[in-house]
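Q: After the sequence you'll find the predicted model.
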Amino acid sequence: MSAAEIWERCEPATSAHPYIIEKQAAAVPLDGLRVLPADDSLRIAGESMAGALVVPVSRTDGTLSSLQFIALPDVAQRLKAQGKPGKLNLPGASMEGLHVVGELVPGGVAYICEGIGTAWACWQATGAAAVVCFGWGRVASVAADLREADKAARLVLVPDAGKESDAEKIARTVNAAVAYMPEGAPGNFDANDLAQSEGMEALRALLHSAHEPALPPPMLKPVSVFDVLTNPAPPPQFIWDGYLPRGVVSLLGAHGGTGKSTIALMLGVCAALGRPLFGVNTVQCKTLFVSLEDSAHIVRHRLAFICHTWGINPAQLDGKLHIVDGTENPELFSADSRGAGETTATYFELRKLVQLEDVGLVVVDNASDAYGGDEIQRKQVRAFIRSLVMVARLTDCAVVLLAHVDKNTSRARKAEGGEGYSGSTAWHNSARSRLFMTRTEMGTLTLEHQKSNLGKLREALTLEWPDAGLPQLMGNDPADNPLNPFMQRVEGRAEDERAINLLRMVAEFESRQQYCSPVATARNNVFAMLKSEPAFQKLKLNADGCKRIVNQCQRAKWLEPVEYRTHDRKTRARWTLTSEGRAIAGLSAPCAPSAPCTNESAESAGGAPCAPSCAGGVGEERAHFGAKESAAPGTDGGTECA
């Protein structure tokens, strides 16, 4: 049946209706209300609506859209026993619209209420119009329509207790005020309840005290620019110099079983004691190691081995290094399907621990256990990393998240294109610093710094993991304390021989003006220039191995980049051997040319070309560069410049 047809067979409402008596609304206008006759056959939800108070729902143009039936007390009681409301809407009819108690005056006050009982109380207390929205879910759209119709009206939302937050959001949108129920009122306590319990004067005072909600803090906060020199911001701070910045999240990715958990625990020990790791300084701070993958006894076994190998009394770590086992409830963040996700109880425990202990370094081992979402869902990944950023900001600590890489990267034993992470690019974009560790075919480890938003990229670290020992920089004497700064070996091992031979080849190519670029992606990088040489092929180095040796030589100050000009006078960079590098490689110092030695012709420079003192072949062609460097000029030890 249509709303209009039912409305036509209804009778005028009187103040004797049980619901009007219950709400103490005998004085309210009744001409807009009706009652369904006692013999009417209409049934809703299995119950007869005969005798129900009928409230019309009207559109803004005045047409009838639906009806609301407020059942008689006995019917309402049965409905509530079944978990159904005592107010029922006409099935199949749209509830789009409103009902006004009193009269809307242009530029006047309108109280916006959820139900008719609240609207009656507001009208009785103030005499101003009160608008019925027929449910809280309709309040926002009704308020928007009223504001559109009358820009000057004072709209006042009158929410039940417990709905204040939602009311504030709506009020900010439509420029309305909110009348708040008394503090401490029980849930769903409304204006009619207040009028009946404390009187109309109390309700009138509450409605007149309605005010616009305060604006929330801006989400886009202004930053001062005029005083960046006179009041400078502090520079980024690091817990592990250059690698792990404070106050943000860093990512350490590696193939499974590479040793990232052990190295992360070594870092935690070094930071707790304020000692360097792999020759890189740490800032002494309290450290929290959150083990979500390995049980407590595994982590304690690793820690015991670290202490034994490094000669540390574990008592020194008491109160400085905190280890927690979260393997039973590992998730810090959980998300279903494509939802936004949310943090967990474990996450909030982590926050409390960081604040309680004033932690400076947090290691989370690892992402696959901490993150309960889809690793390719950008929104979920960003929300998870942001939750860790909030942890970092609690004490301005560095948060390091350990992560596995995808199976393609794992099979290739390297990160193609520098992508040492798995899943969405949000892992890379959200982390402020990112490290990636691989194991080479020779068993050494390469720790690359693949991203840094807060400083210059640090050089890659080449590590070896000796039997019955811990990872250490290539070149460290095992007898030395591994916490001491890096000391480069010069003789005695295969890695040194590779470095020496590579230095000799770089020097020979340089003497022929075939320059090796320090830019890894350049077409003339060291590996690209040397890979076809028989002597280089005997070194059995792939691109990663060559890069590792070059990094080792640069750290040892044997190689350095210098600038030169090409034929078209463009400035480029090339590797050249330092005096220390030439000494290590057994090469004599280069002579001073009679004309600038660039790629420009010697003739155009106005002089004869320089004959380098170390010109010649490599490998079998010339077994030793500079082996006779003490020989007299003009002998096999070298040639004079023309």
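A: Cool, the structure landed. Remember, it's a predicted structure, so these values are computed and weren't measured experimentally.
Q: distance of residue 451 from residue 547?
A: Using Cβ to Cβ, to the nearest Å, residue 451 is found at 17 Å from residue 547. To be clear about C-beta, it is placed using only N, CA and C from the backbone, and glycine gets the same treatment.
Q: likewise residue 148?
A: 65 Å.
Q: the more surrounded of these two?
A: More crowded of residue 148 and residue 547, by other Cβ atoms under 10 Å: residue 547, with 19 against 10.
Q: tell me which element residue 261 is part of?
A: helix 260-273 (DSSP states H and E).
Q: can you count the residues close to the residue lying closest to residue 470 once chain neighbours are set aside?
A: Distances taken as Cβ to Cβ, 6 or more residues apart in numbering put residue 309 closest to residue 470, at 5.2 Å, once the chain neighbours are dropped. By other Cβ under 10 Å, 16 other residues sit near residue 309.
Q: looking at this, residue 309 is in a strand?
A: No - assignment of residue 309 by DSSP: H, G, I helix; E, B strand; the rest coil gives helix, placing it outside any strand.
Q: wait, it sits on residue 467?
A: No - assessed by Cβ atoms under 8 Å, residue 309 is found out of contact with residue 467, at 11.9 Å.
Q: Just list the residues touching the closest residue to residue 116 other than its chain neighbours, thanks.
A: In this structure, residue 116 finds its nearest non-sequential neighbour in residue 132, 4.9 Å apart by Cβ to Cβ, 6+ apart. Residue 132 sits next to 55, 98, 99, 100, 101, 113, 114, 115, 116, 119 when contact means Cβ atoms under 8 Å, 6 or more residues apart in numbering.
Q: Make a markdown table from the residues you listed and add pLDDT, distance to residue 361 and neighbour count to it.
A: Compiled in a markdown table, the contacts of residue 132 are given as follows (pLDDT from 0 to 100; distance: Cβ to Cβ, whole Å; neighbours: other Cβ atoms under 10 Å):
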| residue | pLDDT | distance to residue 361 | neighbour count |
| --- | --- | --- | --- |
| 55 | 96 | 64 | 24 |
| 98 | 96 | 59 | 24 |
| 99 | 96 | 62 | 20 |
| 100 | 96 | 63 | 16 |
| 101 | 95 | 63 | 25 |
| 113 | 97 | 55 | 33 |
| 114 | 95 | 52 | 23 |
| 115 | 94 | 56 | 22 |
| 116 | 95 | 61 | 25 |
| 119 | 96 | 59 | 29 |
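Q: Among those residues, which lie within helices?
A: 116, 119 (DSSP state H).
Q: Specify which member of the contacts of residue 132 is nearest to residue 530.
A: Checking the contacts of residue 132 against residue 530 by Cβ to Cβ gives residue 114 as the nearest, at 79.4 Å.
Q: Please report how far the closest one lies from residue 497.
A: Counting by Cβ to Cβ, the gap between residue 114 and residue 497 amounts to 84 Å.
Q: for residue 378, same thing?
A: In terms of Cβ to Cβ, residue 378 sits 48 Å off from residue 497.
Q: which of the two has more neighbours?
A: The residue with more neighbours, out of residue 378 and residue 497, is residue 378; 15 against 12, by other Cβ under 10 Å.
Q: from memory that one sits against residue 426, does it?
A: Yes - with contact defined as Cβ under 8 Å, residue 378 reaches residue 426; the gap is 4.5 Å.
Q: what about the strands in the stretch 101-250 of the chain?
A: With DSSP state E, counting those that start in this stretch, the ranges of strands along the stretch 101-250 of the chain come out as 109-113, 129-132, 154-157, 177-178, 238-240, 244-245, 249-254.
Q: list the contacts for residue 302?
A: 261, 262, 265.
Q: Tell me which residues touch the second one, please.
A: Right, the one you point to is residue 262. Residue 262 sits next to 302, 306, 470, 471 when contact means Cβ under 8 Å, 6+ apart.
Q: And for the first one?
A: Neighbour list for residue 261: 293, 294, 302, 365, 366, 402 [criterion: Cβ under 8 Å, 6+ apart].
Q: Just give me the closest of these to residue 142.
A: For those, the residue nearest residue 142 by Cβ to Cβ is residue 366; the value is 51.0 Å.
Q: thought that closest one was touching residue 403?
A: Yes - because the distance of 6.0 Å satisfies Cβ under 8 Å, residue 366 is recorded as touching residue 403.
Q: Closest to the centroid, which residue in the protein?
A: In the chain, the C-alpha nearest the mean C-alpha coordinate belongs to residue 385, at 2.6 Å (Cα atoms, centre = their mean).
Q: residues contacting the closest residue to it other than its chain neighbours?
A: If you skip the residues right next to it in sequence, residue 385 has residue 430 as its closest partner in space, 3.8 Å away by Cβ to Cβ, 6+ apart. Residues in contact with residue 430, defined by Cβ under 8 Å, 6+ apart, are 249, 381, 382, 385, 386.
Q: rerun that using 10 Å as the cut-off
A: By Cβ atoms under 10 Å, 6 or more residues apart in numbering, the contact set of residue 430 is 248-249, 251, 378, 381-386, 388-389, 401, 424.
Q: How about residue 166?
A: Counting by Cβ under 10 Å, 6+ apart, residue 166 makes contact with 136, 137, 139, 140, 157, 159.
Q: Show me how to select, in ChimeraX, the buried members of those.
A: Of those, the buried ones can be selected in ChimeraX as follows, counting by 16 or more other Cβ atoms under 10 Å:
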select :136,139,140,157,159
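Q: what's the closest of the contacts of residue 166 to residue 176?
A: The nearest member of the contacts of residue 166 to residue 176, counting by Cβ to Cβ, is residue 157 at 5.6 Å.
Q: Quick check: pLDDT value at the closest one.
A: pLDDT, residue 157: 97.
Q: Any idea what it is bridged to?
A: residue 112, residue 178 (DSSP bridges).
Q: now, which of the contacts of residue 302 sits nearest residue 170?
A: Lowest distance from residue 170 to those (Cβ to Cβ) belongs to residue 261, with 50.3 Å.
Q: what two of the contacts of residue 166 are the furthest from one another?
A: Farthest-apart pair in the contacts of residue 166 is 137 and 157; separation 13.8 Å (Cβ to Cβ).
Q: Measure how buried residue 303 is and give me the count.
A: The number of residues packed near residue 303 is 21, by other Cβ under 10 Å.
Q: roughly how far apart are it and residue 470?
A: Distance, residue 303 to residue 470, using Cβ to Cβ: 12 Å.
Q: Name the residues contacting each of the two.
A: Common neighbours of residue 303 and residue 470 (Cβ under 10 Å, 6+ apart) are 262, 266.
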